[in-house]
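Trainee: Sharing a sequence plus its predicted fold:
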Amino acid sequence: MLSPSLREKRHYLALELYSKGKLSVQEAREALERAISGFLGASEAAKAGMQIIELIKVKEAENHKDLAARGILSINRKYALKVRAALVLLKEIEGKQVMARVRGVSGTLRKLREKFLD
């Protein structure tokens with residue numbers, strides 16, 4: 001087992017996906033992975049180590065009718081800005097217009113949920 005000083009440092013990113021059409025969770029997962037590997041390239045995407053911790057479909061709300069999904073990504077902290085940039089460039093999933101919005105970044109899941117998802 002690696003000591004804490006040698007372990008890869010992770011950050012957690014709260015994310016919202018807005019879509020004009022219906023969007024399945026599986027389509028969203030695949031599009032997020034493609035967007036990051038497409039922007040960073042295979043080598044950099046592997047170093048960023050993006051993992052989708054949680055991605056849930058959101059029921060239509062009165063004030064956010066286009067909100068399709070909310071999620072949490074785990075990433076290497078050195079690549080946080082690059083991953084955010086890749087998400088901003090995500091414009092289309094399966095022919096449907098989408099927009100990814102990063103709500104915030106935190107070092108722990110608990111604080112991320114407290115600040116950005118509740």
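Mentor: Yes, it's here.

Trainee: Give me the phi and psi for the nearest residue to residue 54 once chain neighbours are set aside.
Mentor: Among residues not flanking residue 54 along the chain, residue 72 sits closest, at 4.6 Å (CB to CB, 6 or more residues apart in numbering). In this view, the C-beta of every residue, glycine as well, is placed from N, C-alpha and C. Main-chain torsions, residue 72, degrees, to the nearest 10: phi -130, psi 130.

Trainee: And residue 72, how far from residue 83?
Mentor: 13 Å (CB to CB, to the nearest Å).

Trainee: Give me the helix or strand of this structure that scores worst on average pLDDT.
Mentor: When the helices and strands of the chain are scored by mean pLDDT, DSSP states H and E, strand 92-93 comes last with a mean of 90.

Trainee: which helices and strands does that strand pack with?
Mentor: Packed against strand 92-93, as judged by 3 or more CB pairs under 8 Å, 6 or more residues apart in numbering; DSSP states H and E, are the following elements: helix 25-48.

Trainee: tell me the contacts of residue 66?
Mentor: By CB atoms under 8 Å, 6 or more residues apart in numbering, the contact set of residue 66 is 18, 19, 20.

Trainee: Give me the pLDDT value at it.
Mentor: With respect to pLDDT, residue 66 scores 82.

Trainee: State the phi and psi torsions of it.
Mentor: Dihedral angles for residue 66 - degrees, to the nearest 10 - are phi -100, psi 0.

Trainee: That one and residue 26, how far apart?
Mentor: Per CB to CB, residue 66 is found 19 Å from residue 26.

Trainee: same deal with residue 77?
Mentor: 28 Å.

Trainee: out of those two, which sits in the more crowded spot?
Mentor: Using other CB atoms under 10 Å, the more surrounded residue of residue 77 and residue 26 is residue 77, with 14 against 9.

Trainee: tell me the contacts of that one?
Mentor: Neighbour list for residue 77: 9, 10, 11, 107 [criterion: CB under 8 Å, 6+ apart].
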